[in-house]
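K.L.:
Sequence and computational prediction follow.
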Amino acid sequence: MPQITVGELAKLIGGELCGTENKVISSVAPLDQAGPADATFAQDSRTLKVHKKIKAGVVIGPPDSPELPCPLIKVQAPRLAWNKVLTFFAPELSLPKGIHPHAWVSPEAKVAENVSIGPFAVVSPEAEIKSGAVLYPGVYIGHRSVVGEDSILYPNVVVREEVKIGKRVIVGPGTVIGGDGFGFVTSGGRHHKVPQIGQVIIEDDVELGSNVTVDRPMMGATIVRRGTKTDNLVQIGHNAEIGEDCLIVAQVGIAGSTTLERNVTMAGQSAAAGHQVIGAGSVVMARGLVVGDLPPRSKVSGLPARPHTAELRARAAALNLPNELKRLKELEKRVEQLEAALGEVK
């Protein structure tokens, strides 16, 4: 791992140093495990007050951090600053520049000079691999597809034909971009495949996790806009359009022709039925199912999804249902007794 002094680290993240600047930092660790050679961080001052025995080499914290027994670097956004620290200590990519002799690159493909293409990768005719791109072992790039500058495709990624991948895109192992959308015509009880000949477009700075699928449409395009990030095991259906800077957590399913406007968050195992529009800034809570359009800044949960506060009230009422049923039976019994008494009076 590289090494850096506390003073150099403060300059790297643009923070205010409190304490000695000459101590050497060689690694990172959680706050409760960090030792004299480790850098660590805290998102808020309360966390630092709780941890009374801090033994770290340096702590990155907010401007209102308390005095510590070790060097402290104060920054306005500790988590963002910590990203820079992690980037500094991150190991370099293991693939050397160039094309491995066990890779197959079509002579009709256009490949920049400073790329890294690992063993058993395949680059098909008329595909284009741009400067700084990294293709790990087993990656397949289909006909006429483009991989943009400085993008990283991890092992066994499949990029089918006519896919456009932008700059600085990260694609996790096993992900398939441009597989056929789920389209069939049923006639006489048999299902006939509809050719899927549209495009898939992945814009700049997108990150797709492991085993994600982004489907090709029959016509038109499936689009993942700039800056969107997905977790693992996400399904994006044909003709879906995912807006800028969306967050899509694990096991989310987005059906065909669904539109997510910018900054939408879909939590784990949530889903959207087809042909829906989810407004900008909306949050779909875990396991929520969206079955209709949502206005901007909605916060929904449940099956089907509805405003989160309404869903919480419904869940609370459901938890009290056994008591209400018992109360109902008691009332029924009292009514029967009153009816019997009334009958005797008559």
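P.N.:
It's in.
K.L.:
And stretch 148-156, end to end?
P.N.:
For stretch 148-156, the separation between the terminal residues is 18 Å (Cα to Cα, to the nearest Å).
K.L.:
just stretch 220-233 next, same as before
P.N.:
End-to-end distance of stretch 220-233 (Cα to Cα): 24 Å.
K.L.:
How about stretch 227-240?
P.N.:
Using Cα to Cα, the span of stretch 227-240 from its first residue to its last is 16 Å.
K.L.:
Kindly report the same for stretch 60-80.
P.N.:
With Cα to Cα applied, stretch 60-80 spans 10 Å between its terminal residues.
K.L.:
same check, this time on stretch 252-270
P.N.:
Counting by Cα to Cα, you get 5 Å between the two ends of stretch 252-270.
K.L.:
buried ones in that stretch?
P.N.:
By 16 or more other Cβ atoms under 10 Å, the buried positions in stretch 252-270 come out as 252-267, 270. For the C-beta atoms, the positions are set from N, CA and C on the backbone; glycine is no exception.
K.L.:
One more: stretch 105-114?
P.N.:
Across stretch 105-114, burial judged by 16+ other Cβ under 10 Å covers 105, 109, 111.
K.L.:
Just those residues: which are in strands?
P.N.:
Counting by DSSP state E, the part of the buried residues of stretch 105-114 found in strands is 105, 111.
K.L.:
what's the closest of the buried residues of stretch 105-114 to His238?
P.N.:
Closest approach to His238 among those (Cβ to Cβ): Ala109, at 26.5 Å.
K.L.:
Check whether that closest one really touches Glu128, as I assumed.
P.N.:
Yes - counting by Cβ atoms under 8 Å, Ala109 does reach Glu128; the two are 7.0 Å apart.
K.L.:
Can you check the pLDDT for the residue most central in space within the chain?
P.N.:
Taking Cα atoms, centre = their mean, the centroid of the chain lies closest to Thr230, which sits 2.6 Å from it. On the pLDDT scale, Thr230 is placed at 98.
K.L.:
Out of the buried residues of stretch 105-114, which is nearest to Pro2?
P.N.:
Taking Cβ to Cβ as the measure, Val111 is the one of the buried residues of stretch 105-114 closest to Pro2, at 30.6 Å.
K.L.:
what is the closest one paired to in the beta sheet?
P.N.:
In this entry, Val111 is beta-bridged to Ile129, by DSSP bridges.
K.L.:
wait, what's in contact with the closest residue to Arg79 other than its chain neighbours?
P.N.:
Spatially, and ignoring its direct neighbours in sequence, Arg79 is nearest to Gln43 (5.7 Å; Cβ to Cβ, 6 or more residues apart in numbering). Taking Cβ atoms under 8 Å, 6 or more residues apart in numbering, we find Gln43 in contact with 62, 78-79.
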